[in-house]
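Q: Curious how this folds, go ahead:
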Amino acid sequence: MSKNSCPAFGILLVDDEPAWLNSLSLTLKGCAGLTNISTCQDSREVMGLLDQGNIGLVILDLTMPFLSGEELLVLMGERHPEITVIVVSGLNQLETAVRCMKLGAFDYVIKTDEEDRIVGGVLRGIRKLEMEREYQEMADRVISKALHHPELFSDIVTGDRAMLAIFSYLEAVAKSPQPLLITGESGVGKELVARAAHRLSGCRGRLVTVNVAGLDDTLFADTLFGHVRGAFSGAEQVRRGMAEEAADGTLFLDEIGDLSISSQVKLLRLIQEGEYFPLGSDLPKRLKARVIVATHQNLAAREGTGAFRRDLYYRLRTHQLRIPPLRERKGDIPLLLDHFLGEAAHTLGKKKPTPPRELAQLLVTYEFPGNIRELRGMVFDAVSVHRNRMLSMDSFVRALEWAQGESSPAQMSSPRSNPFAGFAELPTFGDAAGFLVMEALDRAGGNQTLAARLLGISQPALSKRLKMLKPS
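A: Residues are numbered from 1 along each chain as shown. Down below sits the predicted model:
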């Protein structure tokens, strides 16, 4: 594709009439300067062309042999919801136009319309796609700008540049009515980020949180949409769903990756149509809340295996962010340690203890598979047994020894292997011990007390080892 192609993505014209294809192609090239145009006369070939990639806009005739325009519209909505579709028809029928728009068409034009009407619709579709791509590119960059409302992020303790970039991105998309997708491992603070996004939105209503993990299809629908009296056995009273409770506010659905396919269909309709039916009711209600979803799972991978609907995935990822795990922001550990010490002391009715200087250095050597939640639990456990002014490191050491002794996949990326396997010449015992000591000192930042703890020996034993390493 030429660098001068306009637009950067392809435009596919689909019609079984060669004369119409040729005429429209010439019109778009002559009146709008569009060059990246291809045509297709056989509707059966369309999905194969789209699967090859790079097509951003499709201009689709409605009446064709083999596969009709409406049938193709349904297929494209399922397999390529990211593509913008403009439907063209020889008939000016309002009912058909409405049906096509509900199926996801961006516009509906009549073949007998003036050229300006058709060209204008195509240009609007192109501009929509370009804006989406420009916005996505902006969102993917690391943003490091001053925050306009730093006070709204006060619940999130961080000085990390990646986290500050997330705050900046949240400020940029806060007032958008489109869904926000938050991803990240368990324990990184996804709900805190959702709370900040809600505050930034300026919505008058409240933040309503629903953890959808473990909900079957019926329970999901009842929780989200509510029910009318008599909807099912035992439904003696009307129940307002969480979608209604979140009116004029934010509906936060946590662990969205665990939803069944049937529940995903219901959520897609809620987001796409902006309406829902309480169980047992024939009267729809309008969704009046902004939707935020979160998951610790890789939705792109689940979509690739068919476990997550592609059309829902693209609906949800309009605005998206990933919260980094604690092991990628270890500079935050001293800040979080101090914060949780204060929180634990207040909760337990104690005076905030003073941590030993080497405690933060010890914690930085750990990977924290449970992320911030795990660190908080360690701090609360230590403060609960604290007696003196200086905080003891014993409970932290025990917690790390226990955690590092576990062999679950979540805590160990691979089984520990022999570090000397494959050596052509083995080091002596003395050399091996020396290498181990120097590595421990390096990880401990030169702190001998901490290095000794990492090696599982006493500090006098480490001092003796260090003296042996010094050249005579």
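Q: May I ask you to confirm that G205 is in contact with D248?
A: Yes: using CB atoms under 8 Å, G205 is in contact with D248, at 3.5 Å. All C-beta atoms are positioned from the backbone trio N, CA, C, and that covers glycine.
Q: what is in contact with those two at once?
A: Common neighbours of G205 and D248, using CB atoms under 8 Å, 6 or more residues apart in numbering, are 288-289.
Q: Could I get the contacting residues of N447?
A: 357-358, 361, 441.
Q: Looking at those, which is nearest F232?
A: The nearest member of the contacts of N447 to F232, counting by CB to CB, is Q361 at 58.4 Å.
Q: got the buried residues for stretch 27-39?
A: For stretch 27-39, a neighbour-count test (16 or more other CB atoms under 10 Å) marks 28, 32, 34, 36-37, 39 as buried.
Q: Looking at those, which has the smallest pLDDT value?
A: Comparing pLDDT over the buried residues of stretch 27-39, the lowest score belongs to A32 (78).
Q: and the nearest residue to that residue once chain neighbours are set aside, how many neighbours?
A: Nearest non-adjacent residue to A32, counting by CB to CB, 6 or more residues apart in numbering: V119, 5.2 Å away. A count of neighbours around V119, defined by other CB atoms under 10 Å, yields 19.
Q: change the start of the numbering to 214 and stick with it
A: Got it, the first residue is 214 from now on, which makes the last one we talked about V332.
Q: mean confidence for the helix or strand V332 falls within?
A: Element membership of V332 [criterion: DSSP states H and E] is helix 328-353. For helix 328-353, mean pLDDT is 78.
Q: So what angle separates the directions of the next helix or strand after it and helix 328-353?
A: Once the chain leaves helix 328-353, the next helix or strand it forms, by DSSP H and E, is helix 374-386. Angle, helix 374-386 to helix 328-353, by axes from the mean of the first three to the mean of the last three CA atoms, to 10 degrees: 150 degrees.
Q: Direction included, what does the next helix or strand after helix 374-386 pair against?
A: Sequence-wise, the next helix or strand downstream of helix 374-386 (DSSP H and E) is strand 393-396. Note on strand 393-396: by DSSP bridges, its sheet partners are strand 503-508 (parallel), strand 532-535 (parallel).
Q: If you count surrounding residues, which of G418 and D461 has more?
A: G418 (17 against 11).
Q: Next, the contact list for that one, please.
A: G418 neighbours (CB under 8 Å, 6+ apart): 459-463, 501-502.
Q: so how many other residues sit close to the closest residue to it other than its chain neighbours?
A: Spatial nearest neighbour of G418, chain neighbours left out: G462 (2.6 Å); criterion: CB to CB, 6+ apart. G462 has 18 neighbours, counted by other CB under 10 Å.
Q: isn't G462 right next to A502, touching?
A: Yes: using CB under 8 Å, G462 is in contact with A502, at 5.5 Å.
Q: residue boundaries of the helices in the stretch 214-363 of the chain?
A: 231-245, 259-264, 282-292, 307-315, 328-353 (DSSP state H, counting those that start in this stretch).
Q: now the longest one against helix 231-245, angle please.
A: Our comparison of helix 328-353 with helix 231-245, counting by the same axes, to 10 degrees, yields an angle of 70 degrees.
Q: where does stretch 456-476 sit relative to the chain's centre, distance-wise?
A: Remark: stretch 456-476 is offset 14 Å from the chain centroid, using CA atoms, centre = their mean, to the nearest Å.
Q: who does the helix or strand of the chain with the lowest mean pLDDT touch, helix- and strand-wise?
A: Using mean pLDDT, DSSP states H and E, the weakest-scoring helix or strand in the chain turns out to be helix 661-668, at a mean of 76. If you count contacts as 3 or more CB pairs under 8 Å, 6 or more residues apart in numbering; DSSP states H and E, helix 661-668 packs onto helix 570-577, helix 642-656, helix 672-682.
Q: let's see 10 Å
A: helix 570-577, helix 607-618, helix 642-656, helix 672-682 (3 or more CB pairs under 10 Å, 6 or more residues apart in numbering; DSSP states H and E).
Q: Deepest-packed of the helices of the stretch 214-363 of the chain, please.
A: Ranked by mean neighbour count, the helices of the stretch 214-363 of the chain are led by helix 282-292 with a mean of 18 (mean count of other CB atoms under 10 Å).
Q: tell me the mean pLDDT for it?
A: Mean predicted lDDT for helix 282-292 stands at 92.
Q: Next, the buried residues of stretch 512-531.
A: So, applying 16+ other CB under 10 Å, buried residues of stretch 512-531: 512, 515-516, 520-526, 528-531.
Q: Since that was my last question, I'll sign off now.
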